[in-house]
Structure formats: C-alpha cells, structure tokens
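Participant: coordinates only, sequence not included:
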C-alpha cells in the first residue's frame with residue numbers, strides 16, 4: 001500500500017490526485033490489475049470526474065452544497081454533519097483498472113480527493129493488485 005498526504009485549503013474542495021495515483025501505480029510495478037484508491041476519513045471522499053474544465057468541479061461543489069447544506073438543524077454535536085453526509089453520498093473509495101502500468105481513465109477523467117470538512121491534512125491510500 002502506498003499512502004500520500006493531501007492538504008486541503010477550503011472547507012469543501014475537490015483536489016485532483018490523478019498524478020499521485022499514476023505515480024503510485026508506477027512505483028508498484030504492476031502492469032495489469034486493479035488500483036483501489038481509499039480515504040480513511042469520514043468527512044472526505046474519492047471520486048472520478050472530468051478534469052479538463054475546472055467549472056465541472058466548481059459545479060459539483062456548488063450542487064453538493066445545495067443538496068446537503070452546512071446548517072440544516074443537524075443533531076451531531078461536532079457541527080460537521082453535512083461533511084459526513086457528503087462523504088457517504090460520494091463514497092470513500094474508487095477502483096480503477098491498471099493496464100500497461102497506467103490507470104485506465106477516459107480522455108477527460110481525473111481522480112479527485114473530496115474534502116468536505118477542511119481545511120485539513122488528510123491521507124489517501126492506494127493499493128495496487130496485479131491480475
């Protein structure tokens with residue numbers, strides 16, 4: 001398993017980690033298999049989406065904030081219930097196919113670490129398994 005640090009600067013932020021995932025796969029020396037990208041935080045997530053147009057990420061953040069508002073009379077005492085809900089909606093992991101030593105992604109796809117309770121320093125774990 002390869003772990004990387006991810007530092008967010010805003011409360012809600014999507015950070016492109018595609019390059020770090022590619023490097024982790026390269027370091028694993030696996031040519032064909034699967035890579036699991038996982039965050040062990042209950043107020044963060046991992047997703048795959050477009051990385052060509054930054055407006056897509058802005059729109060995703062805007063709509064997630066509308067769907068799950070920061071203040072909605074939640075009962076959780078820490079005050080970060082919205083972050084927990086967003087994390088569950090998006091999910092804590094993604095699995096990508098590895099072929100030729102690279103993640104198989106569409107032309108416009110990137111892998112994002114999703115921060116919902118920042119700013120913070122977080123961990124992202126990548127496990128690459130050969131076929």
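Facilitator: Nice, thanks for sending it over. Computed from a prediction, not measured in an experiment: that's the story for all the values here.

Participant: could you point out which element follows whichever helix in the chain runs longest?
Facilitator: Scanning the chain for the longest helix, with DSSP state H as the assignment, gives helix 54-67. Downstream of helix 54-67, the next assigned helix or strand under DSSP states H and E is helix 81-90.

Participant: against which helices or strands is that following helix packed?
Facilitator: strand 44-50, helix 54-67, strand 109-115 (3 or more CB pairs under 8 Å, 6 or more residues apart in numbering; DSSP states H and E). Glycine gets a C-beta too; all of them are placed from N, C-alpha and C.

Participant: could you dump these into TSV and include distance to residue 17, mean neighbour count and mean pLDDT?
Facilitator: Compiled in TSV, these are given as follows (distance: least, CB to CB, whole Å; neighbours: other CB atoms under 10 Å; pLDDT from 0 to 100):
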stretch	distance to residue 17	mean neighbour count	mean pLDDT
strand 44-50	8	20	98
helix 54-67	13	14	96
strand 109-115	5	24	98
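
Participant: any chance of a markdown table for those, columns distance to residue 29?
Facilitator: Below are the helices and strands packed on helix 81-90 laid out as a markdown table (distance: least, CB to CB, whole Å):
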| stretch | distance to residue 29 |
| --- | --- |
| strand 44-50 | 23 |
| helix 54-67 | 31 |
| strand 109-115 | 20 |
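
Participant: ok, which of those comes nearest residue 78?
Facilitator: Closest of the helices and strands packed on helix 81-90 to residue 78 is strand 44-50, at 14.6 Å (criterion: CB to CB).

Participant: adjacent strands (with direction) for the closest one?
Facilitator: Strand 44-50 sits in its sheet next to strand 109-115 (antiparallel), going by DSSP bridges.

Participant: show me how far the strand it pairs with is from its chain's centre.
Facilitator: 4 Å (CA atoms, centre = their mean, to the nearest Å).
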